[in-house]
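**Q** Here you go, sequence then predicted model.
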Amino acid sequence: MIRWRKGTVEGIRREWPGAVELDVTIEGDGTRRALAYPALVGRPEPGDAVLLNTTALAMGLGTGGYAMVVAVPDRLPPDPAGPGHLVKARYTPLQSTVLGADEQDSPHHELLRDADSLDGLPVIVADLHSALPPILAGLLAERPGAKVVYVMPDGGALPSWFSMSIGRLRHAGVLHGVVTAGQAFGGDLEAVTVHTGLLAARLILGADVVLLAQGPGNLGTGTRWGFSGVSAGEAINAAAVLSGRPVGSLRVSEGDLRERHQGVSHHSITAYGRVALARAEIVVPELGGEFGTRVAAQAATLGERHDLVPVGVEGLEDVLRTAEKDWGVRMSTMGRRLDEDLAYFLTAAAAGRHTAAHLA
């Protein structure tokens, strides 16, 4: 159930595209972090009274542990102007109307109406949002001029604005564009489905490569099927049916204390081994040592359904550290940094390296 609170804005902590992080005094709960999306609620200023959803705070969520600003009641934003008939976050209190690239009023409607092929476009699929920076690093180290577009489905965060990584990668000039699909919103282009999102990335934004992974805040229950990352398998199918070239990036960890995520995560084994019905290139990092042997053995179970591609990781640690410094983006997954789970980041970077080597 939703936990509602009233609060007062004390100050602005920082901003990134689409989002403002605030210090807010909450009645009966002291000063806490809050997040506002100005496009939805207007821009809160110090002294403003705000209505807050504090569910994430009460649950102690790591990724989304903010109070969310629902409204600035005394200073409502103006009504939006312009076209758009796609309603996203539908039938929630903050449902909003956007212009979909594929809808009838869009200037791109005719282009997408009968579009049916990606013409071999590589689509790199990953489970977690944290794979986005290392995949980009591995890819652009080999092909620095590639146009990379991120397609964000609705398995995690719905607003793309929640991602600081997207903002920093865009600012660094290494991410060409963002398409938000399904119930997700806030990208350069909006799409009804992952399929039209992929087509929009190719035909409208001119992508050389698409990266597709959930937004921040994936959901898992510790059960075989109860995790939002099953969307990775569905994305493989979407890329294949549209004549793209799906590339699967494994979720690998040496630092996760949960047995089901050690080595190759059961998320990858289930999504690629059971959900993905189309054939894909699954990149298997050559990590070396006993752990590398374990990863290769676990990945081998996917070999009947997919093409397993061993990829060396030599030099990728330096690539990752350079990208982190030059792009101002933090390499972090589940609270673990490079030194705490290097295998995770090397595996993602290897998927980027492999794709770069086979770009037309």
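**A** Done, it's in.
**Q** Convert the C-alpha atoms of the top strand by length along the chain to PDB, please.
**A** The strand that spans the most residues within the chain, counting by DSSP state E, is strand 4-16. The C-alpha coordinates for strand 4-16 follow below in PDB (Å, rounded to 0.1, in the frame of the first residue of the first chain):
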ATOM      1  CA  TRP A   4       1.500   9.300   2.000                       C
ATOM      2  CA  ARG A   5       3.200  12.200   3.800                       C
ATOM      3  CA  LYS A   6       3.400  15.900   3.700                       C
ATOM      4  CA  GLY A   7       6.700  17.700   3.700                       C
ATOM      5  CA  THR A   8       8.600  21.000   3.100                       C
ATOM      6  CA  VAL A   9      11.500  21.400   0.700                       C
ATOM      7  CA  GLU A  10      14.600  22.500   2.600                       C
ATOM      8  CA  GLY A  11      17.000  22.600  -0.300                       C
ATOM      9  CA  ILE A  12      18.100  21.200  -3.600                       C
ATOM     10  CA  ARG A  13      20.900  18.500  -3.500                       C
ATOM     11  CA  ARG A  14      21.600  18.000  -7.100                       C
ATOM     12  CA  GLU A  15      20.000  17.800 -10.500                       C
ATOM     13  CA  TRP A  16      20.400  15.600 -13.600                       C
END
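**Q** which residues touch the residue nearest to residue 225 when sequence neighbours are not counted?
**A** Setting aside the residues directly before and after it, residue 225 is nearest to residue 270 in space (C-beta to C-beta, 6 or more residues apart in numbering), at 7.1 Å. C-beta here means a position set from N, CA and C on the backbone, and glycine is covered the same way. If a contact means C-beta atoms under 8 Å, 6 or more residues apart in numbering, then residue 270 has 224, 225, 227, 230, 233 as its contacts.
**Q** and the third one, how many neighbours?
**A** The one in question is residue 227. Residues contacting residue 227 under the criterion other C-beta atoms under 10 Å number 22.
**Q** same check, this time on the second one
**A** Residues near residue 225, counting by other C-beta under 10 Å, number 9.
**Q** One more: the first one?
**A** Counted by other C-beta under 10 Å, the residues lying close to residue 224 total 12.
**Q** From residue 233, how far out is the residue nearest to it when sequence neighbours are not counted?
**A** Here the nearest residue to residue 224 in space, its sequence neighbours aside, is residue 270; by C-beta to C-beta, 6+ apart that works out to 6.4 Å. Using C-beta to C-beta, to the nearest Å, one gets 8 Å for the distance from residue 270 to residue 233.
**Q** Please apply the same query to residue 121.
**A** 19 Å.
**Q** Could you do residue 103 as well?
**A** As for residue 103, its distance to residue 233 is 28 Å (criterion: C-beta to C-beta).
**Q** Please say which of those two ends up with more neighbours.
**A** Summary of the neighbour comparison: residue 103 and residue 233, criterion other C-beta under 10 Å, with residue 233 having more neighbours (24 against 19).
**Q** Would you point out which residue is most central in the protein?
**A** Averaging the C-alpha coordinates of the chain gives a centre point, and the residue nearest to it by C-alpha atoms, centre = their mean is residue 215 (3.2 Å).
**Q** which SSE is it in?
**A** Following DSSP states H and E, there is no helix or strand that holds residue 215.
**Q** dump the residue contacts of it.
**A** 129, 152-160, 162-163, 184 are the contacts of residue 215 under C-beta under 8 Å, 6+ apart.
**Q** likewise residue 176?
**A** 147, 148, 149, 205, 206, 207.
**Q** how about the fifth one, phi and psi?
**A** Here is the backbone geometry of residue 206 (degrees, to the nearest 10): phi 70, psi 40.
**Q** How far does the lowest-mean-pLDDT helix or strand in the chain sit from its chain's centre?
**A** Taking mean pLDDT, DSSP states H and E as the measure, the chain has helix 55-59 as its least confident helix or strand, at a mean of 82. For helix 55-59, the distance between its averaged C-alpha position and the chain's averaged C-alpha position is 22 Å (C-alpha atoms, centre = their mean, to the nearest Å).
**Q** Any buried residues in it, and which?
**A** The neighbour-count check on helix 55-59 (16 or more other C-beta atoms under 10 Å) flags 56, 57 as buried.
**Q** before we move on, what about stretch 327-341?
**A** 327, 329, 331, 332, 333, 334, 336, 338, 341.
**Q** Go through those and name the one nearest residue 125.
**A** Of all these, residue 125 sits closest to residue 333, with 16.4 Å by C-beta to C-beta.
**Q** what comes into contact with whatever helix or strand comes next after the longest strand of the chain?
**A** Per DSSP H and E, strand 4-16 leads on to strand 19-26 as the next helix or strand towards the C-terminus. When contacts are defined by C-beta under 8 Å, 6+ apart, strand 19-26 is touched by residues 5-15, 31-38, 43-44, 50, 52, 54, 66-67, 69, 159, 161-162, 167.
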